[in-house]
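[1] predicted structure and sequence below. I'll ask about it afterward.
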Amino acid sequence: MIGCNSTKYIDAPNLLLQKNQINIEGNENVNAEDFENIIKQTPNRMMFGLLPVYLYLNNYGNGGKDSSKVRNWFKNTGEEPAIIDSVLTSKSKYQIQLFLNKIGHYNAVVEDSLGKHKSKQKAVVYYNVSIKAPYLINKITFKIDDQELYEPLKKAFIKTLLKPGAKIDQYVLSAERERMTKAMKNKGFYNFSKEYVTFELDTTIDEKKVNVKQIIENPKTKYISKIGLDSLVESTHSPHTVRNIYLNAEHRKNIDCGLKLDTIDYENIKIIYHGKLEYRKELLIKNIFVKKDEFYSLENTEYTYTRLSGLKTFKFINIRYEKNYEYPNSLDCYIML
């Protein structure tokens, strides 16, 4: 009972944060719950939604002159009072505004204010959000410097997440970058990454409309000259084919024992083993979807991993690729089980 005064150790002008109140005006598609994880300062935890028990524990731990183990336990188990911090309130306001910008509400207005509680030492922080109609995608264009990418990109764009007339949304743009990257990797572009996909947004064309330019950048490699000057050398994206496939179904044992290994070719896959192969090679090959002399495919690699895992036989599965220096733009696949 000694600790059951939540503001017992709060001195003026400090105020205990009772709650955050988010008021939204103008758009029913945005909910207050969308901002809960954005706000930087939260009230002390409530038990059963009524009592700040952890704050009470902290108060009791700080309440005596002695520093007994019991009081220290209460102090460490409890929570420090959530004193309203104007800096954190400003950061929360900024984060709400940033989130609204990301989902296309560039003209939203966010204001914060304090509302006194019936207790003089408590207060409520209000975030008043005024939302107007979002900006919509007007048209989508491309900027591609590498002409060899036109055809695979054209096919990859068929399932685009970006549609004219849809709300501009940074989270959708991010998902589109991931989707495009995976589509390119499935077409053989092993080194393609989402960093090569960027967007330029033009909001100056008309009120609440956005032109989206999707840019596919070329790889750039840092080059240092003999006299120490560095520069970026631009190259092009190249599809990679699978040259060799190596399957080691006894990988861990072979490494640990340092045994002399044998290799057999079966269905264009080099199976590495020692002594007698412990597994039926037909069963292993049946679950491998990486194919020799075909383009590298992330999808086939992931499916191979899934099928091998489904055998419930191997506790260690690793599929990796290494550049084959003998043949340009080719890869060797290593499946280690």
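    Structure received.
[2] give me the below-cutoff pLDDT ranges for this protein.
    1-9, 49, 62-67, 224-229, 251-259 (pLDDT under 70).
[3] the helices in the stretch 201-337 of the chain, which residues?
    251-257, 281-286, 298-310 (DSSP state H, counting those that start in this stretch).
[4] looking at those helices, which is closest to R177?
    Relative to R177, the nearest member of these by CB to CB is helix 298-310, separated by 14.9 Å. (Glycine included, C-beta is placed from N, CA and C.)
[5] about what we covered before: okay if I get the helices of the stretch 201-337 of the chain as a markdown table plus mean neighbour count and distance to D112?
    Output for the helices of the stretch 201-337 of the chain, formatted as a markdown table (neighbours: other CB atoms under 10 Å; distance: least, CB to CB, whole Å):
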| stretch | mean neighbour count | distance to D112 |
| --- | --- | --- |
| helix 251-257 | 13 | 58 |
| helix 281-286 | 14 | 62 |
| helix 298-310 | 15 | 45 |
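[6] wait, which of those is closest to K139?
    Taking the helices of the stretch 201-337 of the chain one by one with CB to CB, helix 298-310 is closest: 30.1 Å.
[7] can you name every helix or strand that that closest one contacts?
    On a contact count with 3 or more CB pairs under 8 Å, 6 or more residues apart in numbering; DSSP states H and E, helix 298-310 meets helix 170-185, strand 318-323, strand 330-336.
[8] Serialize the helices of the stretch 201-337 of the chain to TSV and add fields for distance to E200.
    Formatted as TSV, those follow (distance: least, CB to CB, whole Å):
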stretch	distance to E200
helix 251-257	47
helix 281-286	47
helix 298-310	27
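[9] compare those helices and give me the one nearest N138.
    Using CB to CB, the helices of the stretch 201-337 of the chain put helix 298-310 closest to N138, at 32.6 Å.
[10] need the contact partners of the closest one.
    182, 185-186, 287-291, 314, 317, 319, 333, 335, 337 (CB atoms under 8 Å, 6 or more residues apart in numbering).
[11] any chance of these in a markdown table, plus neighbour count and distance to S235?
    Putting the contacts of helix 298-310 into a markdown table (neighbours: other CB atoms under 10 Å; distance: CB to CB, whole Å) gives the following:
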| residue | neighbour count | distance to S235 |
| --- | --- | --- |
| K182 | 16 | 22 |
| K185 | 20 | 18 |
| N186 | 20 | 21 |
| N287 | 15 | 36 |
| I288 | 20 | 32 |
| F289 | 16 | 30 |
| V290 | 20 | 26 |
| K291 | 16 | 27 |
| F314 | 16 | 38 |
| I317 | 16 | 33 |
| I319 | 18 | 26 |
| C333 | 24 | 24 |
| I335 | 24 | 30 |
| L337 | 19 | 35 |
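[12] tell me the one of these nearest F74?
    Nearest to F74 among these, with distances taken as CB to CB, is I317, at 49.0 Å.
[13] where's the closest residue to that closest one other than its chain neighbours relative to I319, distance?
    Distances taken as CB to CB, 6 or more residues apart in numbering place L308 nearest to I317, at 5.4 Å, with adjacent residues excluded. Counting by CB to CB, to the nearest Å, the separation of L308 from I319 is 8 Å.
[14] identify the contacts common to those two.
    In contact with both L308 and I319: I335, using CB under 8 Å, 6+ apart.
[15] could I have stretch 165-177 exported to PDB, CA atoms only?
    In PDB, the C-alpha atoms belonging to stretch 165-177 read as follows (Å, rounded to 0.1, in the frame of the first residue of the first chain):
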ATOM      1  CA  GLY A 165      -4.800   5.600 -60.000                       C
ATOM      2  CA  ALA A 166      -3.600   3.800 -56.900                       C
ATOM      3  CA  LYS A 167      -2.400   5.600 -53.800                       C
ATOM      4  CA  ILE A 168       1.300   6.300 -53.700                       C
ATOM      5  CA  ASP A 169       2.700   4.200 -50.900                       C
ATOM      6  CA  GLN A 170       6.400   3.800 -49.900                       C
ATOM      7  CA  TYR A 171       5.700   0.400 -48.500                       C
ATOM      8  CA  VAL A 172       4.300  -0.700 -51.800                       C
ATOM      9  CA  LEU A 173       7.300   0.700 -53.600                       C
ATOM     10  CA  SER A 174       9.600  -1.200 -51.200                       C
ATOM     11  CA  ALA A 175       7.600  -4.400 -51.900                       C
ATOM     12  CA  GLU A 176       7.900  -3.700 -55.700                       C
ATOM     13  CA  ARG A 177      11.700  -3.400 -55.300                       C
END
